[in-house]
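Q: fold the stuff below for me.
(2 chains)
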Amino acid sequence: MYSKTISLRFPKNIVGEPIAATLVKKFDLSFNILKAVIYPRKEGLMVLQLSGHKKNYAKGVQYLKGLGVKVESIGEDIKRDEEKCYQCGACTAVCPTGALSIKRPEMEVVFDQEKCSACEWCVVACPARAMEVKFNKTLLN
Amino acid sequence: MAKKKVTKTIDDINRKIKEGKVVVVTADEMVDIVKKSGAEKAAREVDVVTTGTFSPMCSSGAFINFGHSKPGLKASRVWLNDVPAYAGLAAVDCYIGATESPEDDPLNRVHPGEFKYGGGHVLHDLVAGKKIELRATAYGTDCYPKTQLKKKITLSDLPYAVMLNPRNAYQNYNCAINLTKKTIYTYMGVLKPNGGNANYATSGELSPLFNDPYYRTIGLGSRIFLGGAKGYILGPGTQHNPEAMRHENGTPLTPAGTLMLSGNLKEMDPRWVLGVSMLGYGCSLAVGVGIPIPVLNSELAEFTGVSDEHIFTQVIDYGNDYPKGEGKSLAQVSYAELKSGSIRVNGQEIPSVPLSSHKRALEIANILKDWVEKGELLLTQPQETLPN
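A: Below you'll find the model as predicted:
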């Protein structure tokens, strides 16, 4: 069983495609939608946890790319500014996936991009505003 | 025959510092030393214990004199990067407070407000050497006719800039939970419904005032680490309450003592003066504070040897009780439990979340240790200790 959280960016011409259904029916994949937005200029963004057989996963991603969907690992979109983060731990209260956690006994705040679902709760809950989510900006550019 | 009990004076310790013979340990190291050797032997071996804390501390700010312009101006209103500073002091003096927001900030109109920039951020930007826009308006006088001023300033341009924090380094603080059914946004951070998380905000055994719980060695004139530079204790801070209930080891079980601190802003380091945004609450400033505690006798060795297992605080419901002005304790928990990652309140297991940085607190204690060992910071005899 292979599982990965990815971000999909849709150009406006395919926002109407039922891609999640196709991933299930044609490629035998299961999915968990973590975030889905359509922006004013009609481009879409979806954050998806996609699971299934590794071969099917690869085929599914191939299908998406063929449609013109830009597929990226979610980790590339969430960043922590290490200069700004002062290692308090406030973010761990709101992080739903455990991507932000405290390593004990050092009390070090660890960020595991692989576990991040891009919910963006940490962005506003961080007192130092050290967490950055890139996708909104890049989509508009 | 029993050995004579240890008594040292501040002068004795300073002499050892100058001779390069002083023994300095951090407060967490002192825990093990006292546990292993006992207080009397620890007092013989250790001269100074260094402490540290790095956390949002409201009631912080700076006095700034921005110098006379030509022609002169008697400022009646002042803004720094659009954040109002209090100008009712003198012609070109003002005070910028950490929690001030710009006048056009949406605040909590769309709840929870983000509070992206405020007084704390201005202080950080100044210390980081960034350009700040100073704006002032005046009604004009015969001696100071100018009525408008707008210019870019940096910290080095200012004739005078001194941090003065009316209340820092709280000796203990509540652990906050939320027992309502909705998420709430407080100065203790985001609190999820139904006791979803328990937020706490002191560095426990590293925290300055837990290591000298009755303020035996600190007070007016104590030289300390403040914002990366040497600063001073001016006396008790606002809300200083030495009457709080205490554990038999002297540490208070609820919020107790506080400190008023001051230091030269121009000598500070932006790493230790950081603007913060508390979602739905407001702006503030995270300040680095560290205090060296002289180990004058076995009593002080005992005090500085206190560990997280023996320091306690109260769990308070910030959803129902606190907003009504009631501070009913739902449970008493130790800092060892809080740092373990979860506490139990009425049979419910609640993840515990620090707002105070343990890593940064330890870094401060180590910097201070280095300063004392190298003779860069000599200890001071307070002119007056804090009310206890």
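Q: need the residues of chain A near chain B, please.
A: With Cβ under 8 Å from any Cβ of the partner chain as the criterion, chain A meets chain B at residues A:86-90, A:92-94, A:102, A:104-108, A:121, A:124-125, A:127-129. Quick note: C-beta positions are derived from backbone N, CA and C, even for glycine.
Q: what about stretch B:212-223, distance to the chain center?
A: 15 Å (Cα atoms, centre = their mean, to the nearest Å).
Q: quick one: mean pLDDT over it.
A: Averaging pLDDT along stretch B:212-223 gives 97.
Q: quick check: buried residues in that stretch?
A: Of all the residues in stretch B:212-223, those buried under the rule 16 or more other Cβ atoms under 10 Å in any protein chain shown are B:212, B:213, B:214, B:215, B:216, B:217, B:218, B:219, B:220, B:222, B:223.
Q: same check on stretch B:52-71?
A: Per 16+ other Cβ under 10 Å, stretch B:52-71 contains these buried residues: B:52-66.
Q: give me the mean pLDDT for that stretch.
A: The average pLDDT within stretch B:52-71 is 97.
Q: can I get that stretch as CSV, trimmed to CA atoms?
A: This file holds the C-alpha atoms of stretch B:52-71, laid out as CSV (Å, rounded to 0.1, in the frame of the first residue of the first chain):
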residue,chain,number,x,y,z
GLY,B,52,16.7,31.8,31.4
THR,B,53,13.3,32.3,29.8
PHE,B,54,12.1,33.2,26.4
SER,B,55,8.3,33.7,26.0
PRO,B,56,5.8,36.3,24.9
MET,B,57,5.8,38.9,27.7
CYS,B,58,3.2,41.7,27.4
SER,B,59,4.0,44.8,29.4
SER,B,60,7.2,45.4,27.5
GLY,B,61,8.2,48.5,25.6
ALA,B,62,10.8,51.2,25.1
PHE,B,63,11.4,54.9,25.8
ILE,B,64,12.7,56.6,22.7
ASN,B,65,14.0,60.1,22.2
PHE,B,66,14.0,60.9,18.5
GLY,B,67,16.0,64.2,18.7
HIS,B,68,15.0,67.7,17.8
SER,B,69,14.3,68.7,14.2
LYS,B,70,15.0,72.1,12.6
PRO,B,71,12.7,74.0,13.2
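Q: any idea how far that stretch is from the chain center?
A: Centroid separation between stretch B:52-71 and its chain, computed with Cα atoms, centre = their mean, is 15 Å.
Q: ok, it near chain A or not?
A: Yes - Stretch B:52-71 reaches chain A (Cβ under 8 Å from any Cβ) through B:54, B:55, B:56.
Q: phi, psi of the nearest residue to residue B:385 once chain neighbours are set aside?
A: Of all residues not flanking residue B:385 in the chain, residue B:219 sits nearest, at 3.8 Å (Cβ to Cβ, 6 or more residues apart in numbering or on different chains). Here is the backbone geometry of residue B:219 (degrees, to the nearest 10): phi 170, psi -160.
Q: again, but for residue A:92
A: phi -70, psi -20.
Q: surely it meets residue A:111?
A: No - contact status for residue A:92 versus residue A:111: not in contact, 10.1 Å apart, counting by Cβ atoms under 8 Å.
Q: now list whatever residues contact both of those two.
A: Common neighbours of residue A:92 and residue A:111 (criterion: Cβ atoms under 8 Å, 6 or more residues apart in numbering or on different chains): residue A:100.
Q: show me how the chain divides into domains.
A: Answering for chain A, as no chain was given. Domain assignment for chain A by automatic domain parsing gives A:2-73, A:76-140.
Q: other chain: chain B
A: Split by automatic domain parsing, chain B gives B:24-57+B:168-380, B:61-163.
Q: out of these, which is closest to residue A:134?
A: Shortest distance between residue A:134 and the domains of chain B, using Cβ to Cβ, is found for domain B:61-163: 17.9 Å.
Q: quick one: end-to-end length of that closest one, please.
A: 6 Å (Cα to Cα, to the nearest Å).
Q: please apply the same query to stretch B:313-321.
A: 17 Å.
Q: what residues sit buried inside it?
A: By 16+ other Cβ under 10 Å, the buried positions in stretch B:313-321 come out as B:313, B:314, B:315, B:316, B:317, B:318, B:319.
Q: so for that stretch, mean pLDDT?
A: Per-residue scores along stretch B:313-321 average to 98.
Q: which residues are contacting that stretch?
A: For stretch B:313-321, the external contacting residues (Cβ under 8 Å, 6+ apart) are B:172-180, B:182, B:184, B:186, B:188, B:191, B:193, B:198, B:200, B:202, B:253-254, B:322, B:327-333, B:335, B:338, B:343, B:345.
Q: redo that, cut-off 7 Å
A: Residues from elsewhere that reach stretch B:313-321 (Cβ atoms under 7 Å, 6 or more residues apart in numbering or on different chains): B:172-180, B:184, B:186, B:188, B:191, B:198, B:200, B:253-254, B:322, B:327-333, B:345.
Q: longest helix anywhere in chain A?
A: helix A:54-67 (DSSP state H).
Q: with just CA atoms, put it into CSV.
A: Listed next in CSV are the C-alpha coordinates belonging to helix A:54-67 (Å, rounded to 0.1, in the frame of the first residue of the first chain):
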residue,chain,number,x,y,z
LYS,A,54,2.4,1.9,-6.1
LYS,A,55,2.0,1.0,-9.9
ASN,A,56,-1.5,2.3,-9.9
TYR,A,57,-0.4,5.4,-8.0
ALA,A,58,2.2,6.1,-10.7
LYS,A,59,-0.4,5.5,-13.5
GLY,A,60,-2.9,7.8,-11.7
VAL,A,61,-0.3,10.6,-11.4
GLN,A,62,0.5,10.1,-15.1
TYR,A,63,-3.1,10.5,-16.0
LEU,A,64,-3.3,13.7,-14.0
LYS,A,65,-0.2,15.1,-15.6
GLY,A,66,-1.7,14.2,-19.0
LEU,A,67,-4.7,16.3,-18.3
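Q: avg pLDDT for that helix?
A: Helix A:54-67 comes out with an average pLDDT of 92.
Q: so in that sheet, which strands flank the next helix or strand after it, and in what orientation?
A: Using DSSP states H and E, the helix or strand that follows helix A:54-67 in sequence is strand A:70-73. Partner strands and pairing direction for strand A:70-73 (DSSP bridges) are strand A:2-10 (antiparallel).
Q: and the angle for the strand it pairs with with helix A:54-67?
A: 0 degrees (axes from the mean of the first three to the mean of the last three Cα atoms, to 10 degrees).
Q: give the next helix or strand downstream of strand A:2-10.
A: Scanning forward in sequence from strand A:2-10 by DSSP H and E, the next helix or strand is helix A:19-27.
Q: show me what that next one packs onto, helices and strands only.
A: Helix A:19-27 sits against strand A:30-38, helix A:54-67, with contacts defined as 3 or more Cβ pairs under 7 Å, 6 or more residues apart in numbering or on different chains; DSSP states H and E.
Q: can we see that at 6 Å?
A: Helix A:19-27 is packed against helix A:54-67, with contacts defined by 3 or more Cβ pairs under 6 Å, 6 or more residues apart in numbering or on different chains; DSSP states H and E.
Q: what residues does the helix it packs on touch?
A: With contact meaning Cβ atoms under 6 Å, 6 or more residues apart in numbering or on different chains, helix A:54-67 is reached by A:2, A:14, A:23, A:27, A:28, A:29, A:71.
Q: from residue A:19, how far out is the residue nearest to the spatial centre of chain A?
A: Against the mean C-alpha coordinate of chain A, by Cα atoms, centre = their mean, the closest residue is residue A:74 at 3.7 Å. Going from residue A:74 to residue A:19 by Cβ to Cβ, to the nearest Å gives 17 Å.
Q: just residue A:112 next, same as before
A: Residue A:112 sits 28 Å away from residue A:19, taking Cβ to Cβ as the criterion.
Q: what's the answer for residue B:343, then?
A: Counting by Cβ to Cβ - residue B:343 and residue A:19 are separated by 45 Å.
Q: ok, now residue B:255?
A: The gap separating residue B:255 from residue A:19 is 55 Å, by Cβ to Cβ.
Q: would you map the helices across chain B?
A: Shown for chain B, the helices assigned by DSSP H span residues B:10-18, B:27-37, B:39-45, B:119-127, B:298-304, B:335-340, B:358-373.
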